[in-house]
Each structure stands twice: as structure tokens, then as C-alpha cells.
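Engineer: Provide a 3D model corresponding to the input given below.
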Amino acid sequence: MTLPVVKGASYILVQAPSTLFQYGSTQTQTRQKDPNAEYLKQIPGHLRSFEACVGYAPNQAYIGNLLPDELGNIAEPWYDNPVADASRFGAQGEIMPEDEFLGLVKMYDSFDLVKLTQEFTELVKAKLKIHPIFKDKDLKALSEGVEFNEIDELVNKHVADGLYFEHKLIGCVKQAHDTDPNLNAHVMLENSMTKASGILALLNLGRLGYDITDIEYVIEASEEACGDVNQRGGGNFAKAMAEGAGCVNASGCDVRSFCAAPAHALINAASLVKAGVYQKVAVIAGGAVAKLGMNGKDHIAKGVPLLEDCLGAFAILITANDGESPIIRTDLVGRHTVGTGSSPQAVITSLVTDPLDRGNLKITDIDRYSVEMQNPEITKPAGAGNVPEANYKMIAALGVKRGDLERAEIMNFVEKHGMPGYAPTQGHIPSGVPFIGPALKLMKAGQIQRAMIIGKGSLFLGRMTNLFDGTSFVMERNAGIIEEAAAGQDDTALKTMVADAMRQLAEILLKED
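Structural biologist: Numbers count the residues shown, from 1 in each chain. Alright, predicted model coming up:
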């Protein structure tokens, strides 16, 4: 068997203020109750410019231009103290403006459900032409666009949902079936945006120097589901994203477990690589349209900009051991079982201390914990507090109980083994995975030895069970040793073992005769 490693990671954000206004769940539900609600009227005055979004320090950390720890050196509130000379392109991804992204939604439309106006198509083609990823052959999929009246008619007949840029109708997504609610226009719009953002994350993995055509398997772990009336969540986002990104040698499947899905998917990917089933597996997830502006009412009430204006996505490449990339310790996996219980102590014990005990490790032997990395500037105005800090305090408290540290050391532990939250509140996106990219960088530089990635999920939201969910794994700095006989690469030793066993069996049978 070969040890699985994290070879690369990319993170992308799509600023989508018009989509927030039209299709974020808080806004759509408010509009259904009262189309003239005061909250809806206030939204335009609280939306950020693209420049403000790019300069926002947590966003710069998410795409790899800042390490999470560096956020502590920037005055708060971060939205009033932008990063100077911030770039939309990062060391581990990019931030894309809404107009370019709407072009991508059309480019990766497989059933001609997306329509854009001729004028908008020309503008977005010109912008995507100078983007470092897209080529002329990619832009052909944008076609020439259609007349505005065609789009306006489809929206007014309620057979399509409009696409907006700067609050102007510039396109639409049509329903894919006239009676199937799973293929209505709204679902197709959400799924098309999930798909396009996941493809962008995969393509950025390629932009960062990884050959994505070598990927053999893709596991998709977002919070949407695609299917039809006969199989509501049949899938498969993974293969659709692989197709769009040009991963011609890949197959794949979808994994779902609310916010915990990415951690589950990464453990699955690592296991497949370790078993030798595949040599290169990508774990990806697209963004969640419904969660745009989710806490908008609280933000506006407290004078905070609408910071939940970004779709988040990521792509993480897991490969066989290369002798330098961080190893995923599949022997140190934490899991929330059916019998674990839902108390905070029970959850943290199952996800943190149980796997550490198997490895004879103390809580302090993990350099960094990445739990629920929500940006506190988003969660605190909404009354949810500083979520990462609360998790670190719980881990530290368990450490005190176990004797791994003294009670007086709790806040020192939080500062040393934690980090500020910086991920968008997209559910699955903050749940452990944002730190994989920085951990890869820090481990290769020899600055940290181990990190624990923890995913949590609220299964009760689906009304099928009252259970909570969670899983975790440890990333560890590579010792530089590559296994001599990796599965699927050199089976000479295996053949010898089988031959010896057969000879021994034959000798036993002969003696019995």
C-alpha cells in the first residue's frame, strides 16, 4: 500500500451580489411573504463593490494570498481595513466577479437551458478572453447570445428564472421539464451555479500547475443535489464537473453529509489511493446559492455590509506518496457514530481525542486544528458568536480534563493551536477544508508537523434523523520516505507471497493424503 498525500489545493470565490438579492434563501422567503419588505429595499445600499470584496482580508486568506494567522495583524473590522494592492488571483485560487461567472454558467450548460443577451455575451467574452485559464475554444460555448425580448418573455411566462448583473436582467435559466419540480428553473439555476463554481475550482488546480487530465476519480461534496422526479438526488455533479474541466480520464461520484461531506470525501479519496484503486483523486465542491445573504437581516440591522456575497468552492488533489507532500493519516480518523450522542463534549471526544489516543498523541501534539472556520465578522452580528474560537476552547477544555494542559493555558492553546475564522458561511465550505491549502504550505516549509481537519454536519436538517454528524483526520508532514511496493505499481512481492502460500497449502494437502 502507498501512503496518500495532499498534492495540491485550490480555493475560489465568486462574488455574486445580484444573485444574492434574487435567489439567496433569506431574500426569496422574505419576497414570498412581502415583495415590498423594507429589508429588500435596504439591500442595494449594503452590497459591496468587487474591489471591496477582493480587498477583504478573509477573502485574501481563503485564496492563499495571506496565511490565516496574518489576519490577527489586521485591524478589525476587516471590512473597514482592506488589504492594500490586493489581487483577485491568489497563490491557491481566485476571486471571480459575477459577470464573468455568469459567462461560465452558460459555457458549461449541457442542455441549452441558459440564455444570455447578445450585448452581455459580447462584454463577458472580452473579459474571459484575457483570463489566464480560458482559451478561444472555450469561449465558443458562449455562442452569440439571444435577443433581450426572448429572455424577458421566458421569465415573464415563469418558465425561466432570470440572471442579473448589476440588478439588470441579462439572461435566464430555463426549466428542464414542465412538471418535474426537481428540474424547475430555480433548481436548474442553483445546480448550474454549483456546477460552474466547482469547475472553476478544478480549473484553478490546473492553473496552479497540476495536470488535471491525469485525475482518475472525482468525489464531489457540495450541499446541492441533482436528479429528477424518479431519483431526486441521483447525481452526478462529480462527473459533470470533471467533464467541464476537461478531466477526460476521470470517473466519479457525489458524497453528501451536509457540512461534514468534504471531510468524508477526503477520507474516501485517501482510502482509494492507499488501497491502490486510483493514483490521483480530486475532491471538489461547488457553491451554495441559497446561502448567499443568509444572515443579511442581522447584518443590515447592525450596519454591517452584506459579507455573504460570495459563492465558495474548492478542489483538493489526493495522490500516491511523492515523498514531500503532507500525508493523510488514515489510521487517525475520528468519527461521530450513531451511539456517540450530541453533547459538545461527546462530539469533540469522538472527533478529536479518540483518534489521538489511537496514535498515542496528546491534544498539544496537533499544531493546528481546523474545525468550523466561519468568519466571525459574519457570524457574530447574527448571534452565533465566534465559532472557531468556541471550538478551540472546547478542545482545550478536553485537554485540561485529560491532563494534556493546565486550565490556565486554555487561551494560550486557542492562540497557538487555532486560527481566526476566514471562510464564507457556505455550510460545507468552512467545515475544516479551508486550512488544507495553508497546511500544505506550512508543512512543506517545515513550520508545522501535524494538523487535524474536522468536519461537522447537521443531519437533523433533513428531517430523517435527529443525529449530528462529523468526521476528522490528521495531516502530517512527509518524512520523505516513499514506499517501495505501492499497490498497483509493483506486485512482485504480492505474487511471491501468493506463490509461497500455494506451495505451503500443497505440502499440507500432500501430507494429509
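Engineer: Buried residues, stretch 301-313. List them.
Structural biologist: 304-313 (16 or more other C-beta atoms under 10 Å). C-beta coordinates here come from the backbone N, C-alpha and C atoms, glycine included.
Engineer: and Val281, what element?
Structural biologist: Using DSSP states H and E, Val281 sits within strand 280-285.
Engineer: Any idea what Gly252 is bridged to?
Structural biologist: The partner list for Gly252 in beta bridges (DSSP bridges) reads Val218.
Engineer: Of the buried residues of stretch 301-313, which is the nearest to Ser143?
Structural biologist: Nearest to Ser143 among the buried residues of stretch 301-313: Leu311, at 23.8 Å, using C-beta to C-beta.
Engineer: immediately after the helix or strand containing the closest one, which helix or strand?
Structural biologist: Element membership for Leu311 (DSSP H and E) is strand 310-320. Later in the chain than strand 310-320, the nearest helix or strand by DSSP H and E is strand 327-335.
Engineer: That following strand - contacts with which helices or strands?
Structural biologist: strand 4-15, helix 261-275, helix 354-358, strand 469-476 (3 or more C-beta pairs under 8 Å, 6 or more residues apart in numbering; DSSP states H and E).
Engineer: In a markdown table, list those along with mean neighbour count and mean pLDDT.
Structural biologist: Listed next are the helices and strands packed on strand 327-335 as a markdown table, based on neighbours: other C-beta atoms under 10 Å; pLDDT from 0 to 100:
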| stretch | mean neighbour count | mean pLDDT |
| --- | --- | --- |
| strand 4-15 | 27 | 98 |
| helix 261-275 | 24 | 98 |
| helix 354-358 | 18 | 96 |
| strand 469-476 | 26 | 97 |
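Engineer: how about the ones you listed, which one is nearest Ala396?
Structural biologist: Among the helices and strands packed on strand 327-335, helix 354-358 comes nearest to Ala396, with 13.7 Å by C-beta to C-beta.
Engineer: Toward the C-terminus, what is the element adjacent to that closest one?
Structural biologist: strand 368-370.
Engineer: Can you identify the element that follows that following strand toward the C-terminus?
Structural biologist: Using DSSP H and E, the helix or strand that directly follows strand 368-370 along the chain is helix 376-379.
Engineer: what's in contact with that next one?
Structural biologist: Residues from elsewhere that reach helix 376-379 (C-beta atoms under 8 Å, 6 or more residues apart in numbering): 58, 76-79, 295, 299, 304, 307-308, 385-389, 420-421, 424-425.
Engineer: and these, which are buried?
Structural biologist: When those are checked against 16+ other C-beta under 10 Å, the ones flagged as buried are 58, 78-79, 295, 299, 304, 307-308, 386-389, 420-421, 424-425.
Engineer: Tell me how far the spatially closest residue to Leu307 that is not a sequence neighbour lies from Leu200.
Structural biologist: The shortest distance from Leu307 to any non-neighbouring residue, by C-beta to C-beta, 6 or more residues apart in numbering, is to Ile378 (5.1 Å). To Leu200, Ile378 is 22 Å away according to C-beta to C-beta, to the nearest Å.
Engineer: More neighbours: those two, which one.
Structural biologist: Leu200 (31 against 24; other C-beta atoms under 10 Å).
Engineer: can you tell me the helix or strand for that one?
Structural biologist: Taking DSSP H and E as the definition, one finds Leu200 inside helix 185-207.
Engineer: Mind checking the pLDDT average for that helix?
Structural biologist: For helix 185-207, mean pLDDT rounds to 98.
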